[in-house]
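Participant: this one's sequence-less:
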């Protein structure tokens with residue numbers, strides 16, 4: 001199987017046939033399977049998917065017991081994908097499948113393991129604001145952070161590794177960067193006529209953003225670390241200043257210098273220790289999320305057989 005196309009579906013019963021037609025049109029000359037994952041839809045999406053399954057044996061469908069979220073649904077698709085390469089796309093056709101050609105060409109040119117399609121997402125003001133805050137914070141950890149999108153191509157072995165290894169909180173675009181830095185980006189065109197449907201709720205997006213910052217990035221812990229070390233250094237300098245004032249300028253108030261210096265040095269030590277604890281928490285966090293020791297980008301089949 002050359003390609004597995006994974007599509008998380010949520011409340012899109014009226015648009016599934018159109019989505020399938022667009023996918024089939026582009027992949028008609030490719031060895032491809034279509035994996036639809038119903039993420040707890042409240043409409044007739046599952047019935048529509050069962051009709052597709054009857055028409056095309058290359059369609060595979062899965063239904064989640066409730067709405068677990070887009071990334072969890074995508075991960076479910078990864079676990080069942082058989083393709084050498086896995087492609088993902090939203091069910092609202094915000095980008096048409098024909099744009100996959102740009103991702104495939106970019107991968108062949110750059111030999112990247114992951115290729116993202118970048119496009120202007122048509123969201124509400126608050127959704128754009130939430131995503132903008134997340135992307136701005138993510139860039140503190142690297143230029144490639146926060147640039148991902150749901151229109152992507154990645155190596156099949158990597159997709160299946162994600163599904164196997166990450167069972168707690170999953171944010172695919174963050175975890176992919178744990179495995180490889182061979183990531184490419186290419187501009188793709190927006191579909192002027194996307195499918196209009198009910199979107200994932202704003203509260204879910206906010207909750208996901210918060211979980212990403214807490215579970216899959218080290219931004220809060222880095223902040224605590226720098227704050228702890230910074231305040232400890234400031235307290236040390238201020239304490240030295242008061243010692244200087246006591247011995248050189250002869251401060252007259254008895255006990256003032258010893259009190260202020262003891263308070264500054266003790267609180268500085270506490271804050272410094274908190275910064276060290278934050279470093280340990282970063283290591284525990286990565287271990288909890290199964291941060292990989294390595295990932296094999298390519299395999300020598302003959303050597304493996306021996």
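Facilitator: Good, I have the coordinates. Since the model is a prediction, treat every value here as computed from it, not as a measurement.
Participant: quick one, strands of the chain?
Facilitator: 3-9, 32-38, 59-63, 85-88, 114-118, 152-155, 183-187 (DSSP state E).
Participant: what score does residue 68 have for pLDDT?
Facilitator: pLDDT, the model's per-residue confidence, is 85 for residue 68.
Participant: from residue 10, how far off is it?
Facilitator: 10 Å (C-beta to C-beta, to the nearest Å). For glycine as for every other residue, the C-beta is placed from the backbone atoms N, C-alpha and C.
Participant: hey, what's in contact with both of those two?
Facilitator: Common neighbours of residue 68 and residue 10 are listed as 39, 40 (criterion: C-beta atoms under 8 Å, 6 or more residues apart in numbering).
Participant: which one of the two has more residues nearby?
Facilitator: Summary of the neighbour comparison: residue 68 and residue 10, criterion other C-beta atoms under 10 Å, with residue 10 having more neighbours (24 against 16).
Participant: just give the nearest non-adjacent residue to the more buried one, would you?
Facilitator: Once its chain neighbours are removed from consideration, residue 10 has its nearest residue in residue 39; the separation is 4.7 Å (C-beta to C-beta, 6 or more residues apart in numbering).
Participant: for the one you found, give me its contacts.
Facilitator: Neighbour list for residue 39: 8, 9, 10, 64, 67, 68, 69, 70, 72, 73 [criterion: C-beta under 8 Å, 6+ apart].
Participant: how about the strands of the chain in JSON lines, adding mean pLDDT?
Facilitator: Listed next are those as JSON lines, based on pLDDT from 0 to 100:
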{"stretch": "strand 3-9", "mean pLDDT": "97"}
{"stretch": "strand 32-38", "mean pLDDT": "97"}
{"stretch": "strand 59-63", "mean pLDDT": "96"}
{"stretch": "strand 85-88", "mean pLDDT": "98"}
{"stretch": "strand 114-118", "mean pLDDT": "95"}
{"stretch": "strand 152-155", "mean pLDDT": "96"}
{"stretch": "strand 183-187", "mean pLDDT": "95"}
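Participant: let's have the ones you listed in JSON lines, adding distance to residue 51.
Facilitator: Written out in JSON lines, the entries for the strands of the chain read as follows (distance: least, C-beta to C-beta, whole Å):
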{"stretch": "strand 3-9", "distance to residue 51": "13"}
{"stretch": "strand 32-38", "distance to residue 51": "11"}
{"stretch": "strand 59-63", "distance to residue 51": "10"}
{"stretch": "strand 85-88", "distance to residue 51": "23"}
{"stretch": "strand 114-118", "distance to residue 51": "29"}
{"stretch": "strand 152-155", "distance to residue 51": "28"}
{"stretch": "strand 183-187", "distance to residue 51": "34"}
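Participant: include mean neighbour count and distance to residue 177 when you put those into JSON lines, please.
Facilitator: As requested, those are exported to JSON lines (neighbours: other C-beta atoms under 10 Å; distance: least, C-beta to C-beta, whole Å):
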{"stretch": "strand 3-9", "mean neighbour count": "26", "distance to residue 177": "19"}
{"stretch": "strand 32-38", "mean neighbour count": "24", "distance to residue 177": "23"}
{"stretch": "strand 59-63", "mean neighbour count": "18", "distance to residue 177": "27"}
{"stretch": "strand 85-88", "mean neighbour count": "24", "distance to residue 177": "16"}
{"stretch": "strand 114-118", "mean neighbour count": "23", "distance to residue 177": "8"}
{"stretch": "strand 152-155", "mean neighbour count": "24", "distance to residue 177": "12"}
{"stretch": "strand 183-187", "mean neighbour count": "17", "distance to residue 177": "7"}
